[in-house]
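# Could you work out the structure for the sequence below:
(one chain, ligands or ions: 1)
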Amino acid sequence: MSPDAPFRVLPKLTSRNEAFWTGGRAGELRIQRCTDCATWVHPPQPICPSCTGKNLETPAVSGRATVATFTVNHQEWIPGSKDRYVIAIVELEEEPSVRLTTNVVDCAPEDVRIGMPVRAVFEEREDVWIPLFAPDPEVAKRG
Ligand SMILES: [Zn+2]
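You can find the predicted model right below:
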């Protein structure tokens, strides 16, 4: 964690959400999925919202996503906090209807675009690994 990393309210781990918040330890973005009807479910739920089945697993996904929308925060909510950062909603490659609210990091706020390919990276805080998204290095290489 860099010393200028922003203040974060950390999630409380439960048996239901633990795979999502700790998958980053192994570099994996883990998203809940119903084994009965194959629906992706996020945030984690006790039953599948599609078929009400209880057989939910949390496989690792590719971590690839697309920026659906974003905003640049200019407000210093916490004294001394970094003044500008990007709050984004990204759509997962596996299922675009699964959207994560996150930060786009490792690029200047003015370079973020809707439709931009991004890849999950993780910020370790205590016992959680917060999924953040950075420009996809493979897409950048292809130009
Ligand atoms: Zn289901």
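# and residue 141, how many neighbours does it have?
A count of nearby residues for residue 141, using other CB atoms under 10 Å, gives 7. Where C-beta positions appear, they are placed from N, C-alpha and C, glycine not excepted.
# Likewise for residue 7?
Other residues close to residue 7 by other CB under 10 Å number 10.
# In three-state terms, label it for me.
The three-state assignment at residue 7 reads coil, by DSSP: H, G, I helix; E, B strand; the rest coil.
# and this protein, which of its residues are near the ion?
Contact residues, the chain versus the ion (CB under 5 Å from the ion): 34, 36-37, 39, 48, 50-51, 53.
# now those in CSV, with neighbour count and secondary structure?
As requested, these are exported to CSV (neighbours: other CB atoms under 10 Å; DSSP: H, G, I helix; E, B strand; the rest coil):
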residue, neighbour count, secondary structure
34, 21, strand
36, 14, coil
37, 12, coil
39, 18, coil
48, 20, coil
50, 13, coil
51, 13, coil
53, 13, coil
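# May I see those residues organised as CSV, with pLDDT and distance to residue 24 added?
Formatted as CSV, the residues of the chain next to the ion follow (pLDDT from 0 to 100; distance: CB to CB, whole Å):
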residue, pLDDT, distance to residue 24
34, 97, 23
36, 97, 27
37, 98, 27
39, 97, 23
48, 97, 24
50, 96, 27
51, 98, 29
53, 97, 27
